[in-house]
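[1] structure, please.
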Amino acid sequence: MERLLYLNRTLDELDPPRWVPPAADATHLVRTVHELRRVPLGELSAADLRTLLSQQVALPYVLPLAVRLLLEEPLLDACFYEGDLLLAAVNAPASAWALLPEPGARLRAVITTLPEAMTVGLPRGAAEDLARFVA
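    This is a model prediction of the structure:
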């Protein structure tokens with residue numbers, strides 16, 4: 001997880017080019033993602049990571065941070081519901097995970113140890129998403 005060495009830097013620094021400020025009429029989500037690119041990686045919350053993952057922003061940097069949290073608490077409630085960060089991570093494109101074989105393997109190992117009873121409360125389709133990621 002070598003990308004974790006850059007916790008004091010921002011995505012704008014690590015994932016060029018720097019983004020220009022959003023348009024004045026940009027949505028709240030667009031403004032939020034732009035703002036998050038200027039936050040040092042070490043200061044991003046679980047909710048921030050979920051937002052960046054769901055928008056597929058700078059995945060080589062964001063995924064290792066999410067995995068670090070998920071290894072400790074796989075069904076972490078980042079913002080909306082228990083397991084939302086996990087589902088955002090496993091739904092990242094396979095091409096992003098291909099760049100991160102070690103964090104991907106660690107997350108797969110954690111997922112395979114989750115008791116089925118723990119995943120029952122996840123949204124519809126979550127079990128399939130988890131199975132697809134592990135396969």
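
[2] show me the residue sitting in the middle of the chain in space.
    The centre of the chain sits closest to L53, judged by C-alpha atoms, centre = their mean, with a distance of 4.1 Å.

[3] that residue belongs to a strand?
    No: assigned with DSSP: H, G, I helix; E, B strand; the rest coil, L53 falls outside any strand and is helix.

[4] relative to V33, how far out is it?
    When C-beta to C-beta, to the nearest Å is applied, the distance between L53 and V33 equals 11 Å. C-beta here means a position set from N, CA and C on the backbone, and glycine is covered the same way.

[5] report the set of residues contacting both of these two.
    Here L53 and V33 share no contacting residue, scored by C-beta atoms under 8 Å, 6 or more residues apart in numbering.

[6] circling back: wait, the residue nearest to the centre of the chain touches L87, no?
    No: applying C-beta atoms under 8 Å, one finds L53 not in contact with L87, separated by 9.2 Å.

[7] list the buried residues for the helix or strand bottoming out on mean pLDDT in the chain?
    Confidence across the helices and strands of the chain bottoms out at helix 116-119, with a mean of 88, counting by mean pLDDT, DSSP states H and E. In terms of neighbour count (16 or more other C-beta atoms under 10 Å), helix 116-119 has its buried residues at T119.

[8] report the mean confidence score over the next helix-or-strand element following that helix.
    Using DSSP states H and E, the helix or strand that follows helix 116-119 in sequence is helix 126-134. The predicted model gives helix 126-134 an average pLDDT of 96.

[9] pull the CA atoms of helix 126-134 into PDB?
    What follows is helix 126-134, C-alpha atoms only, in PDB (Å, rounded to 0.1, in the frame of the first residue of the first chain):
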ATOM      1  CA  ALA A 126     -25.100  -6.500  -2.500                       C
ATOM      2  CA  ALA A 127     -24.500 -10.200  -2.100                       C
ATOM      3  CA  GLU A 128     -24.000 -10.500  -5.900                       C
ATOM      4  CA  ASP A 129     -21.600  -7.500  -5.900                       C
ATOM      5  CA  LEU A 130     -19.500  -9.100  -3.100                       C
ATOM      6  CA  ALA A 131     -19.500 -12.500  -4.800                       C
ATOM      7  CA  ARG A 132     -18.400 -11.000  -8.100                       C
ATOM      8  CA  PHE A 133     -15.600  -9.100  -6.400                       C
ATOM      9  CA  VAL A 134     -14.300 -12.200  -4.600                       C
END
